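S.K.: Need a 3D model of the sequence below.
(one chain, ligands or ions: 2)
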Amino acid sequence: MRTEQAVTVARGDYLPYPYAIPSIALEFDLDPARTRVLSRLSIERQPGVPADTPLALKGEDLALVSVAVDGSPIAEGGYTISDGVLRLTGLPAACEVEIVSDCRPAENSTLMGLYVSGASLFTQCEAEGFRRITWFADRPDVMSRYRVTLRGTRADYPLLLSNGNLVDAGDLPDGRHQAVWEDPHPKPCYLFALVAGNLTCRELRTRTRSGRDVLLQVYSDPGSESQTEWALASLERSLRWDEDRFGLELDLDRFMVVAARDFNMGAMENKGLNIFNAAYVLADPDTATDANYLAIEAVIGHEYFHNWTGNRVTCRDWFQLSLKEGLTVFRDQEFTADMMARGQDAAAAASARAVKRIDDVATLRAAQFPEDAGPMAHPIRPESYQEIGNFYTATVYEKGAEVIRMQHTLLGEAGFRAGMDEYFRRHDGQAVTCDDFVDAMESVYRDLHPGRDLSVFRRWYQQAGTPRVSVTLDHDAAAQRCTVTLSQRNPAVGVEKQDASAQEKPPLHIPFALGLLDPQGRALPLTLDGKTQETVLLELTTASAQWTFENIPAQPIPSLLRDFSAPVIVDYPWTDAALALLSAHDGNPFARWEAGQELATRQILANAARHQAGEPLAADPTLVDAWRATLRDPKLDAAYRARALMLPSEKTLAERMQPIDPPALAAARDFLRAELGRQLAQDWRAAYQDNQTEGAFSPAPGPAGRRALKNLSLAYLMAGDAAANQALAETQYRGAANMTDRMGALSALVNEGSGDAVGQAIADFHTRWQHDPLVIDKWFALQATARGTDVAAARALMAHPAFTLRNPNRARALVFQFCLNNARGLHAADGAGYDFWAEQVLALDALNPEVAARLARAMDNWARYAPALRTGMQAALGRVRAHAGLSRNVAEIVAKALD
Ligand code: PHE
Ligand code: ZN
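M.R.: Ligands and ions are numbered 1, 2, ... in the order given. The predicted structure is shown next:
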């Protein structure tokens, strides 16, 4: 096998497709060994296109049976097939093309196209999977009406689902049965789906706000019917929320969600037939944690919201991916925030929103900042790619959502809503670009701010890298005046560095939310543009700018980038005392969290340096006092305190260290955790007792927050003194009434405990849950990331009969967790972690290139690591690159990492 040829696709090369395909009729004879697909396409040559322009259709892993035009078979020679393209020439301006081909679902381990999971058949077409089902114009700007006929045996496939409405069903003379589906909405082929199998269904009927009756359904494996209540309720909440907040209604009579055990990603927004990774559907109190409940609601929302942002208005080409993903992530973030804040008074709602913002920013910093500083750095609208599957990234999704959020901040809620209305007014039913979206927003922005526009803002779509904003404060005591200067830097990153002319990029439009506190921690009123507020929004559109505030008697303490108003890194010369003051008093709960995190970051980095120098580590009392004050503050709710008292993640910390030394960071972070655990033991114990949840389980933010704080307290107690607290963890493990508490206890035992009890708990957990794959995934993940798990232990886990690389969730639970979230294990001094990584990337690549390429990215930032680690990482990458037969997916990742 040869490594697949690297072909780079460039954004500027876009050409419209020369033919329209207004309708497609598909007929499937479903059989896992060999499924026959008949496709009948109506073809219309676009005006002005030369008559000799071939109709080029893509196909992959298909066996062609026949081709006919307007009912007449075309002999071989009447068409060509090369490099995965079927070309037909000499077609009339309008005609019907019929193609019959076979595919082999049971042999399809890529989980793209038509594949088998359990005893059922599923499809996955985004981004370029439809070409594995039939030859087609597999690009998002070709939109067609679908009529789909599914035929199969009733025994194997009692249920036959596709997009849209069921228009016909019945038995066939040969003993099989069939179902005919019609989707009234023209769509790109990446939104096509079918499901065939034996699944159970939970459903409800509801009415849209314009009074249409709709049917909502959640399908899953027989036996899991008790685990779909939350998903169905989340779906109904999503429907209501999109009506209330965006005025967007469901446009179908029926909306289906189907859970698949084998799935490459989180979920897929196929029109009216969403297919989900079962991990984002199934939940009950015994098997799902609070984090699972939250994630299910968010992903159900995300896919539902795609119905408008993605499906009704779709992408012109895959460079525009963030048009639908950034926007839809922003929408699902707001949905979750609204659900968390619902029914609470103003202060509690603000805290709940801050909790959601904290979680999202923590994700951005841990996943997107490193991407933006490494060899895969790309703008949210990439300029080129080899394999589009590699661009479903934290940048396109999470930074893309930040870029939408900044537009929301600049326009305000009402302005943003007006911009969305305008976007749909202009583009409903079309395949469009990111520029089209900004144009709609800009039309509102210009009305709100005459003379201003979003031309500088648009650079967020074309520049990669995390901007740095440095802040200086000049206080004039005599004049009681404070001048704030913001300066931005946008240095070249990733491939940009190869272009000598582009070392420093032009400034961006950065909305920067600022507050000032007096030395006692009280908010100072700030006047800007004639309005006086505690938070002002500074719009930085040049390299540097200044703002002056009056009536500031003493040197103030700045509260910077409130609510994380832009995805940037702030440089400011804090004192620890100022951070401690903000951590106790900042009226903006997000910035208050940030201050504590910054204080902890400084101490961990200082200790990592001490660790490297062989010096003793130390915990500064400022931090311990700040943590104690937060823990004791009666005005803070439990969910917020749980976030504020958590130390920054190793990934976030790594971005602050040059060169990166993960074992030193882990040692420093663990030291501080243990010190906080030991010195605040009384308070942790009190928090543990005060935050018990009793009665029927509820995943609502209140009880979930209490469980988070209780389990964090347990983790600190165990870190501080395992011997003294192990009994507490054991008791919690045995008596746990829900999975959050059971996992919290097991994690404390596995990471900090000792003696037979640890092994017994691991064995007990396995025995209890061996029949539930999603729980066994948690069991593998917990062990893969445990502090004592080295490569040998990871390999031992892989030898467990329940392990398989073929199921992506299982591979992620063990192999990915070890390589991405067990820094000590991966970076073992003997290089065994790197060998393990290379071996698993290659093993996975032979089965599932998309999933393998994600694992391949674990070495992205090798060049920024400490020399002793760097050489081993580079060598492992080199071994993968040299392997014959690499997929295009993995080849792109390792080549970019090494170039
Ligand atoms: N479009 C999906 C989502 O974000 C993600 C996805 C991409 C799923 C590619 C499968 C394959 O909602
Ligand atoms: Zn999405």
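S.K.: In which helix or strand does the closest residue to ligand 1 within the stretch 401-550 of the chain reside?
M.R.: Per CB to the nearest ligand atom, A401 is where the stretch 401-550 of the chain lies closest to ligand 1, at 11.3 Å. In this view, the C-beta of every residue, glycine as well, is placed from N, C-alpha and C. With elements delineated by DSSP states H and E, A401 resides in helix 400-427, which encompasses its position.
S.K.: So which elements touch the next helix or strand after that helix?
M.R.: From helix 400-427 onward toward the C-terminus, using DSSP H and E, the following helix or strand is strand 431-432. With contacts defined as 3 or more CB pairs under 8 Å, 6 or more residues apart in numbering; DSSP states H and E, strand 431-432 has these neighbours: strand 314-315.
S.K.: If I take whichever helix or strand comes after the strand it packs on and helix 400-427, what angle do their directions form?
M.R.: Following the chain from strand 314-315 toward its C-terminal end, the next helix or strand by DSSP H and E is helix 321-341. Using axes from the mean of the first three to the mean of the last three CA atoms, to 10 degrees, the interaxial angle of helix 321-341 with respect to helix 400-427 works out to 110 degrees.
S.K.: Show me what the very next helix or strand once past helix 321-341 is in contact with.
M.R.: Using DSSP H and E, the next helix or strand after helix 321-341 towards the C-terminus is helix 346-363. Contacts of helix 346-363 with the rest of the structure, by CB atoms under 8 Å, 6 or more residues apart in numbering, involve 333, 336-337, 340-341, 344, 394, 398, 401, 563-564, 588-590, 593, 636-637, 639-640, 643, 649, 652, 701, 705.
S.K.: Select from the residues you listed every entry located in helices.
M.R.: The helices in this structure, assigned by DSSP state H, contain 333, 336-337, 340-341, 394, 401, 589-590, 593, 639-640, 643, 652, 701, 705 from those.
S.K.: Selecting buried members of those residues in PyMOL, what would you type?
M.R.: Paste this into PyMOL to select the buried members of the ones in helices among the contacts of helix 346-363, with burial taken from 16 or more other CB atoms under 10 Å:
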select buried, resi 333+336+337+340+341+394+401+589+590+593+639+640+643+652+701+705
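S.K.: give me the number of residues near the closest residue to ligand 1 within the chain?
M.R.: Closest residue of the chain to ligand 1, CB to the nearest ligand atom: M265 (3.6 Å). The number of residues packed near M265 is 18, by other CB atoms under 10 Å.
S.K.: Now name the helix or strand holding it.
M.R.: Assigned by DSSP H and E, M265 belongs to no helix or strand.
S.K.: Next up, the contacts around it.
M.R.: Applying CB under 8 Å, 6+ apart, one finds that M265 lies in contact with 277, 392.
S.K.: re earlier: only the buried residues of the helix holding A401, if you could.
M.R.: Counting neighbours by 16+ other CB under 10 Å, helix 400-427 gives 400-411, 415-420, 422-424, 427 as buried.
S.K.: and what of stretch 715-735?
M.R.: Of the residues in stretch 715-735, those buried under the neighbour-count criterion (16+ other CB under 10 Å) are 715-720, 722, 725-726, 728-730, 732-733.
S.K.: which of the residues you listed come close to ligand 2?
M.R.: With CB under 5 Å from the ion as the criterion, the buried residues of stretch 715-735 include none near ligand 2.
S.K.: and stretch 777-791, average pLDDT?
M.R.: Mean pLDDT, stretch 777-791: 98.
S.K.: Check what pLDDT A492 gets.
M.R.: 89.
S.K.: Please name the residues that touch the nearest residue to it once chain neighbours are set aside.
M.R.: With CB to CB, 6 or more residues apart in numbering as the criterion, A492 has its nearest non-adjacent residue at 5.0 Å, and that residue is Q503. Residues touching Q503, when contacts are defined by CB under 8 Å, 6+ apart, comprise 491-492, 497.
S.K.: mind redoing it with 10 Å?
M.R.: With contact taken as CB atoms under 10 Å, 6 or more residues apart in numbering, Q503 is in contact with 491-492, 496-497.
S.K.: Could you do V471 as well?
M.R.: When contacts are counted by CB under 10 Å, 6+ apart, V471 touches 484-487, 512, 514, 558, 560-561, 570-573.
S.K.: Now it: which helix or strand?
M.R.: Of the helices and strands defined by DSSP H and E, V471 is found in strand 468-476.
S.K.: Extract the C-alpha trace of that strand and format it as PDB.
M.R.: Written as PDB, here are the backbone C-alpha positions of strand 468-476 (Å, rounded to 0.1, in the frame of the first residue of the first chain):
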ATOM      1  CA  ARG A 468      -1.800  39.300  22.900                       C
ATOM      2  CA  VAL A 469      -3.200  42.400  24.400                       C
ATOM      3  CA  SER A 470      -1.000  44.300  26.900                       C
ATOM      4  CA  VAL A 471      -2.500  46.700  29.300                       C
ATOM      5  CA  THR A 472      -1.000  49.700  31.000                       C
ATOM      6  CA  LEU A 473      -2.600  52.000  33.600                       C
ATOM      7  CA  ASP A 474      -1.500  55.600  34.200                       C
ATOM      8  CA  HIS A 475      -3.000  57.100  37.300                       C
ATOM      9  CA  ASP A 476      -2.700  60.900  37.800                       C
END
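S.K.: how far is it from where the chain is centred?
M.R.: 34 Å (CA atoms, centre = their mean, to the nearest Å).
S.K.: Note down every partner strand of the next helix or strand after that strand and its orientation.
M.R.: Toward the C-terminal end, the helix or strand that comes next after strand 468-476 (DSSP H and E) is strand 481-489. With DSSP bridges as the test, strand 481-489 is paired with strand 468-476 (antiparallel), strand 544-550 (antiparallel).
S.K.: among the ones you listed, which is nearest ligand 2?
M.R.: Evaluated over the strands paired with strand 481-489, closeness to ligand 2 peaks at strand 468-476, with 29.2 Å, by CB to the ion.
S.K.: Just confirm V142 contacts P16, I think it does.
M.R.: Yes: in terms of CB atoms under 10 Å, V142 counts as a neighbour of P16; the distance is 9.5 Å.
S.K.: Looking at the two, which is more packed in?
M.R.: In terms of neighbours (other CB under 10 Å), V142 is the more surrounded of V142 and P16; the figures are 20 against 12.
S.K.: circling back: need the contact list for the residue of the stretch 401-550 of the chain closest to ligand 1.
M.R.: Applying CB under 10 Å, 6+ apart to A401 gives the contacts 322, 325-334, 360, 364, 368, 380, 567.
S.K.: Are any of these buried, and if so which?
M.R.: Buried members of the contacts of A401, scored by 16+ other CB under 10 Å, are 322, 325-334, 360, 364, 368, 380, 567.
S.K.: Spell out which residues of this structure are next to ligand 2.
M.R.: Proximity of the chain to ligand 2, by CB under 5 Å from the ion, involves residues 325, 328.
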